[in-house]
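Next comes the sequence, and after it the predicted model I'd like to discuss.
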Amino acid sequence: MTNTKWLLLSGGFAALAFIGGSVAGFFAGVYSTRAGSEFIDDLFEQEKPADVKNAVVLARPSFALKYPGNWKIDSTDEDYDPDHNFSVESPGSCFVSFMIFDAATDPADNAEAQIAAYAANLIRNPTRTDFDTWGSFRGSGALLRGKPLGFLPGYVRLFSAAVDERSFVIIEFCYDEDAKMVEPGLRLIESSFAFR
């Protein structure tokens, strides 16, 4: 092999190694954060249609809701609190998170704080559509559409409301390709959530 061919061949291997290392480094960096590791783990999960016919009832002292039979509550999250901070997850990558407050907080402030956080960290330059109703509640909300973490098209739907001396924030997350399977489950949760 001539020196020229050897240099070209070794340069090609070096370029491939550099590209492979860069891609691996990117995923290792993303994976090192909790949200990033969950995101990458979820890339390999297969979404399934929401089992709304076999709904599970979640009844707590201050609220109740129903969720699909094949979804689960993430009780392993370090911030998990069954009465104030929890997520209901689909079999794939989608979820709805709840933050429930034992005080009447301002829905617009709550929603804007979450919108700012998600627009800065998850969906860069999203399109935004505001709405004011979630289930039986009136409050402040926004649908953010874009590419979460720069990958597949998806959305985050945020909403906050206050009732008497209680308030809540919900955060729905779903990829567009999974929406048909997941949205019946999200609507089941939305239609059944109620304070007690």
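Okay, I see it.

ok, now which ones touch the closest residue to Glu112 other than its chain neighbours?
In this structure, Glu112 finds its nearest non-sequential neighbour in Ser140, 7.7 Å apart by CB to CB, 6 or more residues apart in numbering. Backbone N, C-alpha and C define where each C-beta goes, glycine included. Contacts of Ser140 were listed using CB atoms under 8 Å, 6 or more residues apart in numbering, and they are Pro107, Ala108, Asn110, Ala111, Glu112, Asp130, Asp132, Phe159, Ser160, Ala161.

Show me how to select, in ChimeraX, the buried members of those.
ChimeraX command restricting the contacts of Ser140 to the buried ones, with burial defined by 16 or more other CB atoms under 10 Å:
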select :107,110,111,159,160,161
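
Among the contacts of Ser140, which lie within helices?
Cross-referencing the contacts of Ser140 against helices under DSSP state H gives Pro107, Ala108, Asn110, Ala111, Glu112.

List the contacts of the second one.
When contacts are counted by CB under 8 Å, 6+ apart, Ala108 is found next to Ser140, Ser160.

Against Leu144, how distant is the residue nearest the centre of the chain?
Centroid-nearest residue in the chain, with CA atoms, centre = their mean: Phe173, separated by 3.5 Å. Distance, Phe173 to Leu144, by CB to CB, to the nearest Å: 10 Å.

shared neighbours of those two, which are they?
Common neighbours of Phe173 and Leu144 (CB under 8 Å, 6+ apart) are Tyr155, Val156, Arg157.

out of these, which one sits closest to Arg187?
Each of the shared contacts of Phe173 and Leu144 was scored against Arg187 by CB to CB, and Arg157 proved nearest at 11.3 Å.

circling back to that earlier point, touching, the residue nearest to the centre of the chain and Phe95? I think so.
Yes. If you go by CB atoms under 8 Å, Phe173 and Phe95 touch, sitting 5.5 Å apart.

and the residue nearest to the centre of the chain, how far is that from Ala142?
Note on Phe173: its distance to Ala142, by CB to CB, is 13 Å.

and for these two, which residues touch both?
Arg157.

and the helix or strand where Val169 lies, which strands flank it?
For Val169, the enclosing helix or strand under DSSP states H and E is strand 166-175. Strand 166-175 sits in its sheet next to strand 95-101 (antiparallel), strand 154-163 (antiparallel), going by DSSP bridges.

now that strand: mean pLDDT?
Average pLDDT, strand 166-175: 96.

cool, stretch 61-81 as well?
Mean pLDDT, computed over stretch 61-81, is 96.

before we move on, back to that, Provide the secondary structure category for the residue nearest to Glu112.
Classification of Ser140 by DSSP: H, G, I helix; E, B strand; the rest coil places it in strand.

Can you tell me how far it is from Arg187?
Counting by CB to CB, the gap from Ser140 to Arg187 is 20 Å.
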